[in-house]
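Student: Sequence and predicted structure, then a few things I'm wondering about:
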Amino acid sequence: MRGSRNAHPVDYSGTVIRRVDWSKELPVVRRLFRDYRDWLAEHAGASTGSTSAVPVGLAGLDQDIAGLPGVFGPPAGDVVLAFKGSDLVACGAVRELEPHVGEIKRIYVRADHRGPVFGPRFADACRQRARELGHDRVRVDALPTMASAIQFYQEIGFKPIPAYWAHPVPGALFFEWTAGDRAAPDRASRRARPRRAGR
């Protein structure tokens, strides 16, 4: 979700972020999850150097798709969508892991909305929805090759934590954000990390 710091900021004021309307938009969510599945099948295989771990993760995602809204529906889950006009540009799903602990999954942001302006705004919307659902802590995981995503999560306040589930991809990383903790990331560590384009 990064962009050039030298470029003029893009105005995303016309992009509307809102909760999914499950009574009308279940097919939209199902399509997005399927698109995410296709991406994961390709990306996870590249991350591990083999496809041996991929079917395990895809099987769980297939169950999520078949059972929608399932854990991503009421009372402890939801899906957040972003639209530019009638075009869907971003989505993120929230589910409960345990009482007061939620997880953000299935993050998708269209290429023209990735960067330092819209990315934090959409992440805040997902975290706010998690808070509304009663989750004081919010977790995410990332594949080891998702360098830009890993950097982004840390820059918006997510902190590394031990694995909270048996991720099928070796080297997967795990992060957590705690409500009220909006302290800026350590600037020295930010300078030490190489800058990477895209997400």
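Tutor: Alright, I've got the coordinates. Keep in mind that this is a model prediction, so the values were computed, not measured.

Student: What ranges in the chain fall below the confidence cut-off?
Tutor: Where the chain drops to pLDDT under 70, the residues are 1-9, 43-57, 181-199.

Student: so which helix or strand takes in the spatially most central residue of the chain?
Tutor: In the chain, the residue lying closest to the centroid (C-alpha atoms, centre = their mean) is residue 107, at 3.3 Å. Using DSSP states H and E, residue 107 sits in strand 101-109.

Student: which secondary structure elements does that strand contact?
Tutor: helix 22-48, strand 87-98, helix 118-132, strand 137-142 (3 or more C-beta pairs under 8 Å, 6 or more residues apart in numbering; DSSP states H and E). For the C-beta atoms, the positions are set from N, CA and C on the backbone; glycine is no exception.

Student: can we see that at 10 Å?
Tutor: Judged by 3 or more C-beta pairs under 10 Å, 6 or more residues apart in numbering; DSSP states H and E, strand 101-109 is in contact with helix 22-48, helix 54-66, strand 78-84, strand 87-98, helix 118-132, strand 137-142, helix 147-155, strand 173-178.

Student: Ok, which of those comes nearest residue 163?
Tutor: strand 173-178 (5.3 Å; C-beta to C-beta).

Student: would TSV of the helices and strands packed on strand 101-109 with mean neighbour count and distance to residue 167 be doable?
Tutor: Formatted as TSV, the helices and strands packed on strand 101-109 follow (neighbours: other C-beta atoms under 10 Å; distance: least, C-beta to C-beta, whole Å):
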stretch	mean neighbour count	distance to residue 167
helix 22-48	15	10
helix 54-66	15	8
strand 78-84	21	22
strand 87-98	20	14
helix 118-132	20	20
strand 137-142	20	6
helix 147-155	20	14
strand 173-178	19	8
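
Student: quick one, which of these is nearest to residue 16?
Tutor: strand 78-84 (5.1 Å).

Student: That closest one: partners in the sheet, and parallel or antiparallel?
Tutor: Taking DSSP bridges as the criterion, strand 78-84 forms sheet pairs with strand 15-19 (antiparallel), strand 87-98 (antiparallel).

Student: and of those, who's closest to residue 118?
Tutor: Closest approach to residue 118 among the strands paired with strand 78-84 (C-beta to C-beta): strand 15-19, 6.7 Å.

Student: For that closest one, which residues meet the burial criterion?
Tutor: For strand 15-19, a neighbour-count test (16 or more other C-beta atoms under 10 Å) marks 15, 17 as buried.

Student: which outside residues touch it?
Tutor: 25, 78-85, 87, 89-90, 92, 94, 113, 118, 121-122, 124-126, 128-129, 132 (C-beta atoms under 10 Å, 6 or more residues apart in numbering).

Student: One more pass at 7 Å, please.
Tutor: Strand 15-19 is contacted from outside by 78, 80, 81, 82, 83, 84, 89, 113, 118, 122, 125, 129, using C-beta atoms under 7 Å, 6 or more residues apart in numbering.

Student: do stretch 92-103 as well
Tutor: For stretch 92-103, contacts defined as C-beta under 7 Å, 6+ apart pick out 71-72, 76-80, 104-107, 122, 126, 129-130, 133-140, 164.

Student: And it, end to end?
Tutor: Length of stretch 92-103, first residue to last, C-alpha to C-alpha, to the nearest Å: 10 Å.
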